[in-house]
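>>> Dropping a prediction and its sequence here:
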Amino acid sequence: MKAVDPAKIEDYHAHIYYDGDTRKAAARLRSMIENNFAVEMGRWRDEAVGPHPQAMYQVKFAKSKFSRIVPWLMLNRRGLDVLVHPNTGDAYEDHATHALWLGNKLKLRLKILRNLAQH
(Lines give C-alpha, C1' and ligand atoms only; values in the text may rest on other atoms or scores of the structure.)
Protein backbone atom coordinates (compact mmCIF):
# COMPACT_ATOMS: atom_id res chain seq x y z
CA MET A 1 0.00 0.00 0.00
CA LYS A 2 1.39 3.38 -1.01
CA ALA A 3 1.74 6.02 1.69
CA VAL A 4 -0.41 9.13 1.41
CA ASP A 5 1.45 12.41 1.84
CA PRO A 6 -0.04 14.47 4.71
CA ALA A 7 0.70 17.56 2.60
CA LYS A 8 -2.46 16.61 0.65
CA ILE A 9 -4.56 17.65 3.65
CA GLU A 10 -6.19 21.00 2.87
CA ASP A 11 -8.15 21.32 6.12
CA TYR A 12 -10.36 19.25 8.44
CA HIS A 13 -14.02 18.68 9.18
CA ALA A 14 -15.50 17.60 12.49
CA HIS A 15 -19.07 16.31 12.23
CA ILE A 16 -20.99 16.60 15.49
CA TYR A 17 -23.87 14.09 15.57
CA TYR A 18 -27.03 14.52 17.62
CA ASP A 19 -30.64 13.40 17.85
CA GLY A 20 -33.79 14.74 19.49
CA ASP A 21 -32.50 13.86 22.96
CA THR A 22 -29.03 15.36 22.48
CA ARG A 23 -29.78 18.46 20.38
CA LYS A 24 -29.48 20.79 23.39
CA ALA A 25 -26.07 19.33 24.25
CA ALA A 26 -25.06 19.77 20.60
CA ALA A 27 -26.21 23.41 20.71
CA ARG A 28 -24.16 24.07 23.87
CA LEU A 29 -21.13 22.42 22.28
CA ARG A 30 -21.61 24.46 19.10
CA SER A 31 -21.70 27.68 21.11
CA MET A 32 -18.54 26.68 22.98
CA ILE A 33 -16.74 25.90 19.72
CA GLU A 34 -17.77 29.23 18.18
CA ASN A 35 -16.63 31.13 21.28
CA ASN A 36 -13.26 29.40 21.56
CA PHE A 37 -12.02 28.76 18.04
CA ALA A 38 -11.70 30.42 14.63
CA VAL A 39 -13.68 27.88 12.61
CA GLU A 40 -16.30 27.80 9.87
CA MET A 41 -19.56 26.40 11.23
CA GLY A 42 -21.86 24.46 8.94
CA ARG A 43 -25.60 24.65 9.24
CA TRP A 44 -27.74 22.38 11.38
CA ARG A 45 -28.71 19.26 9.44
CA ASP A 46 -31.67 17.82 11.35
CA GLU A 47 -31.93 14.86 9.00
CA ALA A 48 -29.39 12.45 7.55
CA VAL A 49 -27.52 14.01 4.63
CA GLY A 50 -24.87 12.60 2.31
CA PRO A 51 -22.87 9.86 3.98
CA HIS A 52 -23.99 10.93 7.45
CA PRO A 53 -26.55 8.54 8.97
CA GLN A 54 -28.15 11.00 11.38
CA ALA A 55 -28.53 14.68 12.20
CA MET A 56 -25.29 16.64 12.49
CA TYR A 57 -23.50 19.89 11.91
CA GLN A 58 -20.04 20.36 10.48
CA VAL A 59 -17.10 22.30 11.85
CA LYS A 60 -14.42 23.19 9.29
CA PHE A 61 -10.99 24.13 10.60
CA ALA A 62 -7.47 24.76 9.36
CA LYS A 63 -4.65 22.23 9.59
CA SER A 64 -2.88 24.53 12.02
CA LYS A 65 -5.83 24.27 14.45
CA PHE A 66 -5.93 20.45 14.63
CA SER A 67 -3.74 20.16 17.73
CA ARG A 68 -5.96 22.57 19.66
CA ILE A 69 -9.43 21.61 18.44
CA VAL A 70 -9.28 17.80 18.42
CA PRO A 71 -7.95 17.40 21.99
CA TRP A 72 -10.51 19.98 23.13
CA LEU A 73 -13.29 17.96 21.46
CA MET A 74 -11.98 14.78 23.10
CA LEU A 75 -12.50 16.36 26.51
CA ASN A 76 -15.59 18.49 25.85
CA ARG A 77 -17.80 16.61 23.37
CA ARG A 78 -20.56 16.19 26.00
CA GLY A 79 -21.07 12.51 25.17
CA LEU A 80 -21.80 13.27 21.52
CA ASP A 81 -20.33 11.21 18.71
CA VAL A 82 -17.87 13.12 16.55
CA LEU A 83 -16.26 12.23 13.24
CA VAL A 84 -13.04 14.10 12.39
CA HIS A 85 -11.60 13.71 8.91
CA PRO A 86 -9.07 15.43 6.68
CA ASN A 87 -9.96 16.91 3.32
CA THR A 88 -7.46 15.57 0.79
CA GLY A 89 -9.61 15.74 -2.33
CA ASP A 90 -10.79 12.13 -1.95
CA ALA A 91 -14.04 12.32 0.03
CA TYR A 92 -14.49 8.54 0.13
CA GLU A 93 -11.07 7.80 1.59
CA ASP A 94 -11.26 10.82 3.90
CA HIS A 95 -14.49 9.51 5.48
CA ALA A 96 -13.83 5.75 5.23
CA THR A 97 -10.12 5.33 5.85
CA HIS A 98 -8.54 8.54 7.10
CA ALA A 99 -11.17 9.43 9.71
CA LEU A 100 -11.00 9.29 13.47
CA TRP A 101 -13.94 8.91 15.82
CA LEU A 102 -14.64 10.36 19.24
CA GLY A 103 -17.36 8.33 20.93
CA ASN A 104 -19.19 5.70 18.92
CA LYS A 105 -18.22 4.94 15.34
CA LEU A 106 -21.39 5.37 13.32
CA LYS A 107 -22.04 3.41 10.16
CA LEU A 108 -21.60 5.97 7.39
CA ARG A 109 -23.45 5.63 4.10
CA LEU A 110 -20.20 5.38 2.15
CA LYS A 111 -21.86 4.11 -1.03
CA ILE A 112 -23.04 7.69 -1.60
CA LEU A 113 -19.42 8.90 -1.67
CA ARG A 114 -18.28 5.98 -3.82
CA ASN A 115 -21.00 6.78 -6.37
CA LEU A 116 -19.98 10.47 -6.43
CA ALA A 117 -16.35 9.52 -7.08
CA GLN A 118 -17.36 7.41 -10.08
CA HIS A 119 -19.18 10.27 -11.82
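On my side now, so go ahead. Residues are numbered from 1 along each chain as shown.
>>> For residue 100, give me phi and psi.
Dihedral pair for residue 100: phi -130, psi 150, per degrees, to the nearest 10.
>>> List the contacts of it.
Residue 100 makes contact with 70, 83-85 under the criterion C-beta atoms under 8 Å, 6 or more residues apart in numbering. Glycine gets a C-beta too; all of them are placed from N, C-alpha and C.
>>> Could you do residue 68 as well?
Residue 68 neighbours (C-beta under 8 Å, 6+ apart): residue 37.
>>> Am I right that it is in a helix?
Yes: assessed with DSSP: H, G, I helix; E, B strand; the rest coil, residue 68 lies in a helix.
>>> circling back to that earlier point, tell me which of the contacts of residue 100 is nearest to residue 58?
residue 83 (9.5 Å; C-beta to C-beta).
>>> That closest one: which element?
Assigned by DSSP states H and E, residue 83 falls within strand 82-87.
>>> Give me the residues contacting the helix or strand just after that strand.
Downstream of strand 82-87, the first helix or strand assigned by DSSP H and E is helix 91-96. Applying C-beta under 8 Å, 6+ apart, the contact partners of helix 91-96 are 4, 51, 83, 85-88, 108, 110, 113-114, 116-117.
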